[in-house]
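S.K.: sequence unknown, structure follows:
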């Protein structure tokens, strides 16, 4: 730095330029100082955003064993990562009633909102220590602030040298220097008020053992699954329930570490399966660069269906680079190879690539460009597809959490097995957000237009218009209210045209609400229906206990019928009760439980006969009454500050109430039981 200053002082010496050059050089310095001051103010706003007290983050929690990860809501292909009940994920994106998440292996995909619940996490950032963890967002902003402020001081010092050699009678130089002094004083105030005293911790413990951290669990138990048929012997399976996980992490420097993981799971779930896995990863986080890469291997064995046995390799790399104060770049690559042991023709590989860039277009605005593509290859056409999606975002942010975000993208999807499913999507949308009336609350408005084109099946082309409003609050109780109106018009087949009104309301205060509803109106054509879907839980919370009656409804009403009746094919109503709670005893023993029972009323058309070519003749509407019972409980006890014993029990039974009146081979019901006892441990 001293060398640079010396060179600059020589450059600005009186011998280097004449009187007319002094004003020109000072103007150049003034522009640089203005740019640094502008950047410092922007960094300080991000440092304190969205408020100096709390930052809210939206998460989802998996609430159903039926949840699966797919690659795209519009063209669903199941992805390999296992999604388990009660797992929590940060929301990356939301589209068409699907949430985009990222799993621990680096796999990105989408989960249906039917199988998850959304909640908010409040992070208290008002109690920051003066030592900021390396690689964190705060550390990045602190480094940028120090660098920006230091550069500004250097420029100010050079301005003083230029002023000294200038004539005192040069009023333009003197006036411009006073302006520079005012900007420097403002920069001092901004830096001292926001960043003075903070530093990024850089030392790590020198001992090798202290650099190592360990997380793991060992659980053993039993599990069983049975499926009952009306005309066949029951399918029963019973096996040990094993869950062994071990993850090691070793810090190479304060900014980088390597990870090693491995384990094995075995359980009876429809069939007895075991899944062994191992993984290796590297993570680097610095003030300007973030890099993650990993390799994971899975070996899946199915004792009943050997055709399902496979070996899988998953490789990913994720790089984020802050090129300058106003430019961020990112690159992501993922490779997956799936090799079946007993059906080689089904082997496939998948490549996914994403490039993104972010440009700060002003103090409160940025432009983001994202281009992603994924390709799957196989010897058979079943796994052959390609998808390319360039996307452009423009976002502006103001005071009081105000923001405007414009999103535009084009998506091209090609599927070899079923060319009719190949399609292109063209989308543009606007989302406006502002602060709500209460603290830690926001209101949002969305509007969008979508054209989806099927080149090989034009009858399914459609135009879509969206309009929605939302409210989110994260204070004493999380509250979310979102409404969405979606209208689809099919120009070549108006019988498919319809409009949806979607309502989602959740509250997690003393009185608990969770209401999800969708009303679909089919435009008059050959059919004219109103379809209603509703699922609601309304209950009361007393400390950590809650009890919630629940109701679900699916109903089609034929608006053209002479007599409107609720007793038509596939209409159903279900009702039930859910109770859950948690008890903490002496801050050591934690017990939680959940129980839910549902009873349904489902109308189905009976099957009178099935022809030789598969044609079905339906008969009268008959009501059946499926029902289900779920029980689960978890117990954990701390035996050390880094070790705990735990146990879990799960029971699920489902009675379909099906008979040969509805199908040839009716499944009467399923029963599943799992129990485990284990030990969780961590070090450092």
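M.R.: Structure received. Just so it is clear, the model here is predicted, and its values are computed rather than measured. Numbering: from 1, shown residues only.
S.K.: Residue 68 should be in a strand, yeah?
M.R.: No - judged by DSSP: H, G, I helix; E, B strand; the rest coil, residue 68 forms no part of a strand; its state is coil.
S.K.: Run a quick neighbour tally on it.
M.R.: Using other CB atoms under 10 Å, residue 68 has 17 other residues around it. No exception for glycine: its C-beta is placed from N, CA and C like everyone else's.
S.K.: low pLDDT regions in the stretch 101-250 of the chain?
M.R.: Along the stretch 101-250 of the chain, segments meeting pLDDT under 70 span 104-106, 119-139, 197-206, 231-234.
S.K.: can you pull out the strands in it?
M.R.: 108-112, 116-124, 131-132, 199-200, 212-229, 235-240, 242-251 (DSSP state E, counting those that start in this stretch).
S.K.: mind checking which of these is nearest residue 408?
M.R.: Comparing the strands of the stretch 101-250 of the chain by their distance to residue 408 (CB to CB), the top pick is strand 108-112, with 20.1 Å.
S.K.: Mind listing the residues bridging to residue 99?
M.R.: Here residue 99 shows beta-bridge partners residue 94, residue 111, assigned using DSSP bridges.
S.K.: That one contacts residue 108, doesn't it?
M.R.: No - assessed by CB atoms under 8 Å, residue 99 is found out of contact with residue 108, at 11.3 Å.
S.K.: one step back: quick one: which of the strands of the stretch 101-250 of the chain is nearest residue 160?
M.R.: strand 199-200 (28.1 Å).
S.K.: quick revisit: mean neighbour count, the strands of the stretch 101-250 of the chain: which tops it?
M.R.: With neighbours taken as mean count of other CB atoms under 10 Å, the strands of the stretch 101-250 of the chain reach their highest mean count in strand 108-112, at a mean of 22.
S.K.: Report the inter-axis angle for it versus strand 98-102.
M.R.: For strand 108-112 against strand 98-102, the angle by axes from the mean of the first three to the mean of the last three CA atoms, to 10 degrees is 150 degrees.
S.K.: which strands and helices sit next to strand 108-112?
M.R.: Packed against strand 108-112 by the contact rule (3 or more CB pairs under 8 Å, 6 or more residues apart in numbering; DSSP states H and E) you find strand 98-102.
S.K.: list the buried ones in the strand it packs on?
M.R.: The neighbour-count criterion (16 or more other CB atoms under 10 Å) identifies 98, 99, 100, 101 as the buried residues of strand 98-102.
S.K.: who's in contact with that strand?
M.R.: 60, 69-70, 73, 89-94, 108-113, 116, 118 (CB atoms under 8 Å, 6 or more residues apart in numbering).
S.K.: rewinding a little: okay if I get the strands of the stretch 101-250 of the chain as a markdown table plus distance to residue 151?
M.R.: Shown next, in a markdown table, are those (distance: least, CB to CB, whole Å):
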| stretch | distance to residue 151 |
| --- | --- |
| strand 108-112 | 37 |
| strand 116-124 | 31 |
| strand 131-132 | 21 |
| strand 199-200 | 18 |
| strand 212-229 | 37 |
| strand 235-240 | 63 |
| strand 242-251 | 31 |
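S.K.: Look up how far residue 243 lies from the spatially closest residue to residue 67 that is not a sequence neighbour.
M.R.: Nearest residue to residue 67, sequence neighbours excluded (CB to CB, 6 or more residues apart in numbering): residue 115, at 3.7 Å. Taking CB to CB, to the nearest Å as the criterion, residue 115 is separated from residue 243 by 22 Å.
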